[in-house]
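**Q** what's the 3D shape of this:
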Amino acid sequence: MNSMDEINLLRQAQRQHQHHLMVRGIGEEIDLEIGPVDDPSFSGASLVAVTSTHDTVVHADDHKSLLIPCSQPGAADGLAPQQHLSQGEEHDGMLRSPSGHTKKKKKVVKKWREEWADTYKWAYVAVHDTTTRIFCSVCKEYGRKHRRNPYGNEGSRNMQMSALEEHNNSLLHKEALRLQMASKEKLQPPEIEGPVYVKALSKTAASILECVLRRDPHEAEYIQSIQEVVHSLEPVLVKNAQYIQILERLLEPERCFIFRVPWIDDRGEAHVNRGFRVQFSQALGPCRGGLRFHPSMSLSVAKFLAFEHTLKNALSLYKLGGAAGGSDFDPKGKSDNEIMRFCQSFMDELYRYLGPDQDFPAEDIGVGPREMGYLFGQYRRLSGHFQGNFTGPKIFWSGSSFRTEATGYGLVFFARLLLAEMNKELKGLRCVISGSGKIAMHVLEKLLPCGAIPITVSDSKGYLLDEDGFDYMKYSLLRDIKAQQKSLKEYLKSYPHAKYIDDAKPWSQRCDVAFPCASHNEIDQGEAVAISNSGCRVLVECSNMSCTVQAVDILRKAKVIVAPAKATAAGGVALGEIELNPEFNLMQLSVEDFENRIQDAIKQTYERSVKAAQDYGIMKESPEFLVHGANICAFLNIAQAMTDQGCV
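**A** Numbers count the residues shown, from 1 in each chain. Presented below is the predicted three-dimensional model:
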């Protein structure tokens, strides 16, 4: 909930309960006159909304709102509270006890503390059983069990300012707050800006995009991915009108599944998450695509990822369709048993839609070898036979350890191939990497023997910068830190000259090549400007749709060459196909064989993309030639299969 939502909540509470608004600055002293009451839980006082007044603009981090008890002697006779408080009382912030109490009052003088805002932003007053009580506006609870007095024993019975502190820190309250925020996000989806390229499109292509906008106006990620592809396909649609209906059919997924995933945590409490699987297209073969466990997962994200996987697989040499899915479950902070129970419940529903000739899932964010092992075990149990329709290093237990390296190594091979076309090499080039997951770490690992100078990795809280560049020793330390699930700040204990920049991304650092490996839309408009000013001339995507639409425009104008993820991920697609080979259990790939296979797949993907771009008049001088070429080549492969199979 942002600051404006909090302000609206306070205003609504003021109208409903006649709260009196007073202004206090953080650190100001306030006098609290607290009188004993009959009810040991809460008194009949209502609340005062207090906000910081450093600026007229309210920021979520700098200015917080909170509620404190305040008597309203005029509430009973219908008069506004302001009419009963003198200017001096407002200035001193005095809290008067309810009328009728004649017992001696106890005076407490304390400084207004900023952390009180977090405790009381959800408080409101309501009458229950003829008694005015303080409630939590999220879970509507009140009671003596939630009380805690930060001042020790002094005023412990009647210190209402701390009445909700313990409750607001409880798991029940935090879960209720999470659900309320998630519900608010769904009820008020993010505003979708107008398509950037609509005016540049032909009338026919623009009508296709507008049709999708009318049908799914709130699926922001999916609409964004379509914009890029439709823009790339404009010359194809102008030259070949027969592809218009093919594209219209392709943009509607073949089938989407949304299902409930109930599971039990280690405390015996029940939880429920939402599961997704989108089988986007099987025109070229059975679907393959990742499973993602992340709180941001939604139907829009699942459709966007499935669409990207469809084009990615179509661009490869293998006959594969595209799919994606996952859940809004967050595996962070969960025990192995909790993750196992969730994966088993997830597969209880999903298994009926999987099969070697239909759909087989792969790893994505939040789903690694551990999760894939649990998922496959439950699938094998439910299906009753051992089918090799899951991709991952532990699924076949055959000694393969190349699965997680394939995509990361492929990114470096693609960058090396692209630079070679520019008569350059990776040696001596400064490289910026975002993320620190398995793919980002393998990108870092493979850059070292190429002579490159990787200088950053990042996580959700900031990024680590080592101006001297990471070497093999530093990489080994980073790998151990990640294996122990520690913060990247641990690196500074061994190399204090390095820096960890909080709440920032590494794109402002001077570099030659950028490797975004974190998540979709991690590069926005401002960060694209920073990249173009940093000296970067090549951006090799790992994360699907790394850049927002506005960022793509800025990078194009700055002539930064963008290698799209659907082309650079060819290494992962190639090894996934090898794993699904029935003879894979008997194969013992050497490191040289592995890298040769990945390099061959990368080279063929690059050449196919360049040829498709040139066939439609897009030359290598254009910074988007790889993006357009990859989209065109992938679409033409799918369109040919859809034409041969008829309208199905």
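
**Q** now for the residue nearest to Ala613 when sequence neighbours are not counted: which residues touch it?
**A** Nearest-residue entry for Ala613: Gly629, 3.1 Å, with adjacent residues in sequence omitted and distances by C-beta to C-beta, 6 or more residues apart in numbering. (Glycine included, C-beta is placed from N, CA and C.) Going by C-beta atoms under 8 Å, 6 or more residues apart in numbering, Gly629 touches 608-614, 618.

**Q** for the residues you listed, give me CSV that also has secondary structure and pLDDT.
**A** Converted to CSV, these look like this (DSSP: H, G, I helix; E, B strand; the rest coil; pLDDT from 0 to 100):
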residue, secondary structure, pLDDT
Arg608, helix, 94
Ser609, helix, 94
Val610, helix, 94
Lys611, helix, 94
Ala612, helix, 95
Ala613, helix, 94
Gln614, helix, 93
Ile618, coil, 91
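
**Q** quick one: pLDDT of the residue nearest to Ala613?
**A** pLDDT, Gly629: 96.

**Q** which secondary structure element contains it?
**A** For Gly629, the host element (DSSP states H and E) is helix 625-645.

**Q** so for stretch 309-325, mean pLDDT?
**A** 92.

**Q** send the alpha carbons of that stretch over as PDB?
**A** In PDB, the C-alpha atoms belonging to stretch 309-325 read as follows (Å, rounded to 0.1, in the frame of the first residue of the first chain):
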ATOM      1  CA  HIS A 309       9.000 -19.900 -25.200                       C
ATOM      2  CA  THR A 310       6.900 -20.600 -28.300                       C
ATOM      3  CA  LEU A 311       9.000 -18.300 -30.400                       C
ATOM      4  CA  LYS A 312      12.200 -19.400 -28.700                       C
ATOM      5  CA  ASN A 313      11.600 -23.100 -29.500                       C
ATOM      6  CA  ALA A 314      10.400 -22.300 -33.000                       C
ATOM      7  CA  LEU A 315      13.700 -20.500 -33.600                       C
ATOM      8  CA  SER A 316      15.700 -23.600 -32.700                       C
ATOM      9  CA  LEU A 317      16.300 -26.600 -34.900                       C
ATOM     10  CA  TYR A 318      14.000 -28.800 -32.800                       C
ATOM     11  CA  LYS A 319      10.300 -29.500 -33.300                       C
ATOM     12  CA  LEU A 320       8.900 -28.100 -30.100                       C
ATOM     13  CA  GLY A 321       5.900 -26.000 -29.000                       C
ATOM     14  CA  GLY A 322       5.800 -23.500 -26.200                       C
ATOM     15  CA  ALA A 323       4.300 -23.400 -22.700                       C
ATOM     16  CA  ALA A 324       4.900 -21.700 -19.400                       C
ATOM     17  CA  GLY A 325       3.400 -21.700 -15.900                       C
END
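
**Q** against Gly355, how distant is His385?
**A** When distance is defined by C-beta to C-beta, to the nearest Å, His385 is 11 Å away from Gly355.

**Q** these two: who's more crowded?
**A** Neighbours per residue (other C-beta atoms under 10 Å) separate His385 from Gly355, with Gly355 holding more: 15 against 6.

**Q** quick check: bridge partners of the more buried one?
**A** For Gly355, the beta-bridge partners are Asp359 (DSSP bridges).

**Q** next one, pLDDT for it please.
**A** For Gly355, pLDDT reads 85.

**Q** what are the ranges of the strands in the stretch 301-450 of the chain?
**A** Remark: strands assigned in the stretch 301-450 of the chain by DSSP state E, counting those that start in this stretch are 321-327, 359-363, 430-434.

**Q** right, so of the ones you listed, which gets closest to Glu405?
**A** Nearest to Glu405, of all the strands of the stretch 301-450 of the chain, is strand 359-363, at 12.5 Å by C-beta to C-beta.

**Q** what about the closest one, average pLDDT?
**A** Rounded mean pLDDT across strand 359-363 is 88.

**Q** likewise for stretch 447-464?
**A** Stretch 447-464 comes out at a mean pLDDT of 94.

**Q** buried sites along it?
**A** Neighbour counts over stretch 447-464 (16 or more other C-beta atoms under 10 Å) mark 447-448, 450, 452-459, 462-464 as buried.

**Q** nearest residue to Glu308 other than its sequence neighbours?
**A** In space, Glu308 is closest to Asn544, 4.5 Å off (C-beta to C-beta, 6+ apart).

**Q** wait, that neighbour touches Thr568, no?
**A** No - counting by C-beta atoms under 8 Å, Asn544 sits too far from Thr568 to count as a contact (10.5 Å).

**Q** and these two? Which one has more around it.
**A** Thr568 (27 against 24).

**Q** quick one: what helix or strand has Phe280 in it?
**A** Residue-wise, Phe280 maps onto strand 270-281 under DSSP H and E.

**Q** hey, what's the angle from that strand to strand 321-327? Just curious.
**A** Interaxial angle, strand 270-281 versus strand 321-327 (axes from the mean of the first three to the mean of the last three C-alpha atoms, to 10 degrees): 170 degrees.

**Q** just checking: what are the partner strands of strand 270-281?
**A** Here strand 270-281 is paired, per DSSP bridges, with strand 255-264 (antiparallel), strand 321-327 (antiparallel).

**Q** for burial, what's the neighbour tally of Val229?
**A** 23.

**Q** list the contacts of the nearest residue to it once chain neighbours are set aside.
**A** Spatial nearest neighbour of Val229, chain neighbours left out: Asn631 (5.0 Å); criterion: C-beta to C-beta, 6+ apart. Contact partners of Asn631, counting by C-beta under 8 Å, 6+ apart, are 228-229, 232-233, 311, 564, 566.

**Q** can you list those residues in a markdown table and add secondary structure and distance to Asp336?
**A** Formatted as a markdown table, these follow (DSSP: H, G, I helix; E, B strand; the rest coil; distance: C-beta to C-beta, whole Å):
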| residue | secondary structure | distance to Asp336 |
| --- | --- | --- |
| Glu228 | helix | 39 |
| Val229 | helix | 40 |
| Ser232 | helix | 44 |
| Leu233 | helix | 46 |
| Leu311 | helix | 35 |
| Pro564 | coil | 36 |
| Lys566 | helix | 34 |
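
**Q** could these go into TSV alongside distance to Gly326?
**A** Below are these laid out as TSV (distance: C-beta to C-beta, whole Å):
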residue	distance to Gly326
Glu228	22
Val229	22
Ser232	27
Leu233	28
Leu311	19
Pro564	22
Lys566	19
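
**Q** scan those residues and report the most crowded one.
**A** Busiest of the contacts of Asn631 [other C-beta under 10 Å] is Lys566, holding 30 neighbours.

**Q** distance of that one from Tyr409?
**A** The value you get for Lys566 to Tyr409, if C-beta to C-beta is used, is 17 Å.

**Q** ok, and what's touching stretch 331-343?
**A** Contacts for stretch 331-343 (C-beta under 8 Å, 6+ apart): 261, 263-266, 273, 293, 327, 329, 366, 370-371, 374-375, 378.

**Q** can we see that at 6 Å?
**A** By C-beta atoms under 6 Å, 6 or more residues apart in numbering, the surrounding residues in contact with stretch 331-343 are 263-266, 293, 329, 366, 371, 374-375.
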